[in-house]
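**Student:** Next input, structure requested:
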Amino acid sequence: MKVILTEKPSVARDIARVFPNAKSNEGYIDCGSGYYITWAFGHLVEIAKSNAPHRWDLNNLPILPGEFYYEVTKDKTAQFKIIKSLLTKADGVIIATDSGREGELIARLILKQADWTRWNETKRFWSSQALSEEVIKTELKNLKFSSHYDSLFYSALARQQSDWLCGINLTQLFTLRSGSGTWSVGRVQTPTLALIVNRDKIRQEFQKEEYYTVKAQFEAKDGKYIGLLKFGDTNPNQPANTKEGENEEGLVKNPDKLLKKELAEKILSEIVHEKEGTVKALKKEDKQEAPPLLHSLTSLQREANSVHGFSANKTLSLAQGLYETQKVISYPRTESQHLGESSMQLARDVLKKLNKDKLIPEVDNVGKRVFDDSKLTDHHALIPLMPPNARLSPDEMKVYILIARKFTGAFMPFYKYEKTTITTMLKEYEFITSGISVTQPGWKSLYTEEKKNEGPLPHVTENEKVAHLKSDMEQKFTQPPAAFTESSLLKKMESLSMGTPATRAAIIEKLLERQYIVREKRNLLATDKGKELIRILRDSPISSPEMTGEWEQKLEKIYKDKLSLPGYQHFISAIKTFVSDQIVQYKSVSVSRVNMATPGMLTLAKKYAKERKLTLESQDFEYIKQFIDTAVKTPVSIGKCSCGKEVKATAKSYDCECGKVVWKDLAGKKITPRQALSLMKGSKVSIKGFKKKEGDKFNATVILDSANKIQFLSN
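**Tutor:** Purely as a prediction, here's the structure:
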């Protein structure tokens with residue numbers, strides 16, 4: 001009898017499809033022929049709470065178990081009993097949990113907890129492709145002994161236990177020292193917070209510098225163009241909302257070469273009356289850009305955040321659904337952006353399914369830009385496997401399109417363009433103009449949201465005289481670095497090897513849950529609580545992104561270098577020493593009490609701040625409470641009524657001195673300031689989403705009558 005152990009029921013059902021006589025039972029599937037499939041629900045077994053004293057006490061720290069004990073998660077005991085019952089009758093096991101570090105850990109811990117001992121009869125089912133019947137049949141014939149993945153398990157075990165050791169000790173320490181709320185500390189969580197806190201600090205302390213640009217407009221025989229005076233750093237740093245990663249620290253490249261006002265005025269006075277300029281140089285360059293690499297989970301999360309505003313966690317969930325339920329993409333929790341060299345036929349098959357037959361010949365030409373075994377990790381890049389189906393939700397479709405166009409684009413022609421640079425002289429001053437002319441859209445034709453600021457330039461020749469139409473100067477200021485978005489934070493975490501593709505989203509969500517950071521539109525900003533924790537830990541390695549990256553590399557080394565049990569033991573020993581040192585160093589630390597506003601208070605405060613065009617300066621409880629109280633007592637003007645007087649928004653209504661009132665909540669519908677103002681001016685307003693007493697929704701056109709009552713008109 002063989003037991004196949006999967007991570008989720010849906011995967012079990014997928015595998016069962018290849019067994020024609022499979023019958024479902026409570027907690028397992030009887031496939032006939034001596035095969036039984038059962039499943040976990042993710043992490044079925046966890047580190048036991050008994051490893052740490054029940055009572056939080058500084059005297060119990062550090063907590064360093066000599067041996068870790070495990071227990072079945074309380075709400076999953078029934079399923080574990082079913083698994084254990086099957087294992088007692090089995091003479092072999094096939095591990096078919098997700099193909100990765102966490103999947104291996106989930107399976108091994110279940111088997112160990114169930115007292116499984118026949119490891120020589122334990123095989124591994126491993127696939128990074130969607131589980132079609134063809135893939136399942138193929139991989140069931142290519143099973144490997146589980147011992148091949150022992151080092152992967154020990155890498156996962158070291159990661160889990162080191163996170164527990166750091167978290168349980170330092171979280172208890174800082175929570176006990178603060179005396180207010182939970183102050184969690186984590187091996188990856190805390191340095192991620194440090195990145196955000198440090199970026200916010202740089203932005204807040206940034207001293208902007210004034211500088212000027214001088215522009216001149218010219219007219220050649222073929223048309224007009226604008227030149228920018230060449231002077232030092234004419235564009236010293238990118239504005240905060242431009243390309244990610246540029247000028248991250250907000251520093252000016254050459255501060256002493258900024259064009260100051262006095263000199264700009266002097267230059268402008270010298271050229272303003274010049275009637276013509278001379279084309280000193282004309283440079284034309286043929287340039288090209290190769291298609292970008294295929295998607296990893298992190299690159300997908302970054303693009304989904306930039307294009308659609310999706311959180312990393314939402315993108316992961318959508319991608320998991322596309323893989324597990326819809327079966328239209330490959331395994332999503334991957335950090336690779338390449339396919340294996342043996343996957344060329346897979347690529348051809350996918351292109352055919354996507355009706356991209358014209359691109360199939362390019363599979364043989366793209367080379368290591370797409371197919372490179374040396375760049376593979378546990379899984380190949382994230383790619384589509386099937387066309388989308390009608391069952392996809394709108395958000396699933398958005399994520400699918402991001403994956404599919406990256407894959408399709410990989411086999412499309414290069415993006416090619418001609419870049420033209422014109423240098424025009426006005427007296428002794430050089431003015432630079434650049435523009436591009438697309439000669440081959442190639443893969444960029446898929447990215448309609450990208451727009452180039454530069455356009456083709458008029459035709460000119462060297463030494464040509466051009467009319468000088470006008471010149472002017474513009475005041476500018478150097479800009480601070482952009483606040484972190486989830487996209488830019490994921491990029492930074494990836495560059496520092498912080499976390500894994502599968503865990504980075506959860507880390508961001510944990511920081512939000514602990515109120516260390518907040519989302520402001522697409523930005524991630526540190527709260528007072530987050531700043532206080534990093535202030536205390538600024539000199540500790542636990543807040544160092546670089547050290548966390550080093551730890552992650554050591555965990556990966558356990559697997560890649562096949563260090564197995566000795567590698568695990570060495571790593572955990574080092575972590576225990578580190579935790580002990582941190583407890584000694586911070587046991588008497590003073591943590592300032594930071595009483596954070598609740599999420600509901602913050603939502604209300606943000607609403608009032610938006611109405612009044614104000615900025616919230618803190619998330620502290622008392623500050624937010626006072627802000628709300630003041631806002632409630634201070635009506636804000638939203639415009640003028642038909643009588644000519646100001647309409648004020650109060651906590652519950654929109655009021656005018658003439659006596660007109662529109663309640664903010666009308667038949668279960670929130671009335672916006674714009675709608676209220678229209679009603680005050682006598683207009684009919686069509687509104688969707690009113691609720692009847694029975695709960696049914698309806699749409700209606702409403703008007704404010706002469707008695708200052710809302711009348712519902714039929715649509």
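**Student:** And the longest helix along the chain, how far out from the chain middle?
**Tutor:** Counting residues, the longest helix found in the chain (DSSP state H) is helix 150-178. With Cα atoms, centre = their mean, to the nearest Å as the basis, helix 150-178 stands 24 Å off its chain's centre.
**Student:** Buried by neighbour count: which residues of that helix qualify?
**Tutor:** Across helix 150-178, burial judged by 16 or more other Cβ atoms under 10 Å covers 150-175, 177-178. In this view, the C-beta of every residue, glycine as well, is placed from N, C-alpha and C.
**Student:** now for it, which elements pack on it?
**Tutor:** For helix 150-178, the packing partners by 3 or more Cβ pairs under 8 Å, 6 or more residues apart in numbering; DSSP states H and E come out as strand 45-47, helix 101-113, helix 545-560, helix 564-586.
**Student:** got a list of what Ala40 touches?
**Tutor:** Contacts of Ala40 were listed using Cβ atoms under 8 Å, 6 or more residues apart in numbering, and they are Leu5, Thr6, Glu7, Lys8, Lys76, Gln79, Ile83, Thr97, Ile106, Ala107, Ile110.
**Student:** Surely the last one is in contact with Val45?
**Tutor:** The reference is to Ile110. Yes - at 5.5 Å, Ile110 counts as touching Val45 under the criterion of Cβ atoms under 8 Å.
**Student:** ok so, going back, switch the helices and strands packed on helix 150-178 over to CSV; also include mean neighbour count.
**Tutor:** As requested, the helices and strands packed on helix 150-178 are arranged in CSV below (neighbours: other Cβ atoms under 10 Å):
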stretch, mean neighbour count
strand 45-47, 19
helix 101-113, 23
helix 545-560, 18
helix 564-586, 16
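**Student:** who wins for proximity to Pro384 among those?
**Tutor:** Of all these, helix 101-113 sits nearest to Pro384, with 22.2 Å by Cβ to Cβ.
**Student:** how big is the angle separating that closest one from helix 150-178?
**Tutor:** Computed by axes from the mean of the first three to the mean of the last three Cα atoms, to 10 degrees, the angle separating helix 101-113 from helix 150-178 equals 90 degrees.
**Student:** other SSEs contacting whichever helix or strand comes after helix 101-113?
**Tutor:** Per DSSP states H and E, helix 101-113 leads on to strand 122-124 as the next helix or strand towards the C-terminus. Packed against strand 122-124 by the contact rule (3+ Cβ pairs under 8 Å, 6+ apart) you find strand 92-96, strand 144-145.
**Student:** same thing but at 10 Å, please
**Tutor:** strand 2-6, strand 92-96, helix 101-113, strand 144-145 (3 or more Cβ pairs under 10 Å, 6 or more residues apart in numbering; DSSP states H and E).
**Student:** can you tell me which of these comes nearest to Val197?
**Tutor:** It is, among the helices and strands packed on strand 122-124 and with distance given as Cβ to Cβ, helix 101-113, at 28.5 Å.
**Student:** mean confidence score for the closest one?
**Tutor:** Averaging pLDDT along helix 101-113 yields 96.
**Student:** Can you list the low-confidence ranges for the chain?
**Tutor:** Along the chain, the model assigns pLDDT under 70 to residues 130, 233-256, 450-455, 714-715.
**Student:** Domain boundaries for it, per the record?
**Tutor:** Using automatic domain parsing, the domain ranges for the chain come out as 2-142, 157-205+482-586, 210-291+415-477, 297-409, 597-634, 635-715.
**Student:** For the fifth one, buried residues please.
**Tutor:** If you call a residue buried by 16+ other Cβ under 10 Å, then domain 597-634 has these buried ones: 597, 601-602, 604-605, 608-609, 616, 619-621, 623-624, 627-628, 631.
**Student:** Keep only those of those that are in helices.
**Tutor:** Among these, DSSP H puts Met601, Leu602, Leu604, Ala605, Tyr608, Ala609, Phe621, Tyr623, Ile624, Phe627, Ile628, Ala631 in helices.
**Student:** The first one against Lys625, yeah?
**Tutor:** Yes - judged on Cβ atoms under 10 Å, Met601 makes contact with Lys625 at a distance of 7.0 Å.
**Student:** circling back to that earlier point, what touches both of Ile110 and Val45?
**Tutor:** Tyr70, Val72, Phe80 (Cβ atoms under 10 Å, 6 or more residues apart in numbering).
**Student:** which non-adjacent residue is nearest the second one?
**Tutor:** Meaning Val72. If the residues on either side of it in the chain are set aside, Val72 comes closest to Phe80, at 4.5 Å by Cβ to Cβ, 6 or more residues apart in numbering.
**Student:** Output the contacting helices and strands for the strand or helix carrying that neighbour.
**Tutor:** Following DSSP H and E, one finds Phe80 within helix 77-89. Packing contacts for helix 77-89, counted by 3+ Cβ pairs under 10 Å, 6+ apart, involve strand 2-6, strand 28-32, strand 35-39, strand 70-72, helix 101-113.
**Student:** Which of those sits closest to Asn389?
**Tutor:** Asn389 lies closest to strand 2-6 among the helices and strands packed on helix 77-89, at 23.2 Å (Cβ to Cβ).
**Student:** Just the angle for that closest one relative to helix 101-113, thanks.
**Tutor:** Going by the same axes, to 10 degrees, strand 2-6 makes 140 degrees with helix 101-113.
**Student:** Could you identify the helix or strand that succeeds strand 2-6?
**Tutor:** helix 9-16.
**Student:** Report the inter-axis angle for that next one versus strand 35-39.
**Tutor:** 160 degrees.
**Student:** And the next helix or strand past helix 9-16?
**Tutor:** Criterion used, DSSP H and E; the element after helix 9-16 is strand 23-25.
**Student:** what distance separates that following strand from the middle of the whole chain?
**Tutor:** 40 Å.
**Student:** all strands of the stretch 301-450 of the chain, in order?
**Tutor:** Secondary structure of the stretch 301-450 of the chain (DSSP state E, counting those that start in this stretch): strands located at 415-426, 429-440.
**Student:** Leaving aside the residues adjacent along the chain, what's closest to Ala216?
**Tutor:** With sequence-adjacent residues excluded and distances taken as Cβ to Cβ, 6+ apart, Ala216 is closest to Ser471, at 4.4 Å.
**Student:** typed the wrong thing, it's Lys606
**Tutor:** That would be Leu616: by Cβ to Cβ, 6+ apart, it lies 6.7 Å from Lys606.
**Student:** Distance check, the spatially closest residue to Asp620 that is not a sequence neighbour against Gln585.
**Tutor:** Spatial nearest neighbour of Asp620, chain neighbours left out: Asp528 (5.3 Å); criterion: Cβ to Cβ, 6+ apart. Going from Asp528 to Gln585 by Cβ to Cβ, to the nearest Å gives 24 Å.
**Student:** try Lys444
**Tutor:** Following Cβ to Cβ, the distance that separates Lys444 from Gln585 is 53 Å.
**Student:** same question, Met397
**Tutor:** Counting by Cβ to Cβ, the gap from Met397 to Gln585 is 51 Å.
**Student:** Show me what counts as buried in stretch 55-71.
**Tutor:** Neighbour-count burial for stretch 55-71, counted by 16+ other Cβ under 10 Å, picks out Leu61, Pro62, Leu64, Pro65.
**Student:** Run through the residues that contact the first one.
**Tutor:** Read it as Leu61. By Cβ under 10 Å, 6+ apart, the contact set of Leu61 is 52-53, 168-170, 172-173, 176, 579-580, 582-584, 586-587.
**Student:** let's go with 7 Å and repeat that
**Tutor:** Residues in contact with Leu61, defined by Cβ atoms under 7 Å, 6 or more residues apart in numbering, are Asn169, Gln172, Leu173, Ile583.
**Student:** Alright, calling it a day.
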